[in-house]
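In: Turn this into a structure:
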Amino acid sequence: MKIDWAALGSVFGVSIVVTVALVGLFTLGIVGLAKQEAASAQGGSAALARTGAYACFALCAAAVAYGIYLIVA
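Out: From the prediction side, this is the model:
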């Protein structure tokens, strides 16, 4: 049995980058919701923060759905 170490390293690298990107995107969504609560308490623009947070969550859901599609197809 021969292991293709270059392909294994490539898969490892891509999985690390995608994982960090998804966690960062989800964190931005959580921060956006926190800013929305703070902005509404101070009378600021809460709609922009909420919209950004929902966009981050939608992108996370799309990435997860695409990953499931790749596994199933």
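
In: OK, contacts around the residue most central in space within the chain?
Out: Central residue of the chain (C-alpha atoms, centre = their mean): Leu22, 2.9 Å from the mean position. Residues in contact with Leu22 (C-beta atoms under 8 Å, 6 or more residues apart in numbering) are Cys60, Ala63, Val64. Placement of C-beta: from N, CA and C, glycine included.

In: again, 7 Å this time
Out: Taking C-beta atoms under 7 Å, 6 or more residues apart in numbering, we find Leu22 in contact with Cys60, Ala63.

In: And for the one 4 residues further on?
Out: Remark: with contacts taken as C-beta under 7 Å, 6+ apart, Phe26 is in contact with Cys56, Cys60.

In: for the chain, which spans come out with low pLDDT?
Out: 43-44 (pLDDT under 70).

In: biggest helix in it by residues?
Out: Of all the elements of type helix in the chain, the one with the most residues (DSSP state H) is helix 5-42.

In: Pull out the buried residues from that one.
Out: Within helix 5-42, the residues scored as buried using 16 or more other C-beta atoms under 10 Å are Leu25, Phe26, Leu28, Gly29, Gly32, Leu33, Lys35, Gln36, Ala39.

In: What's the separation between Met1 and Gly9?
Out: To Gly9, Met1 is 18 Å away according to C-beta to C-beta, to the nearest Å.
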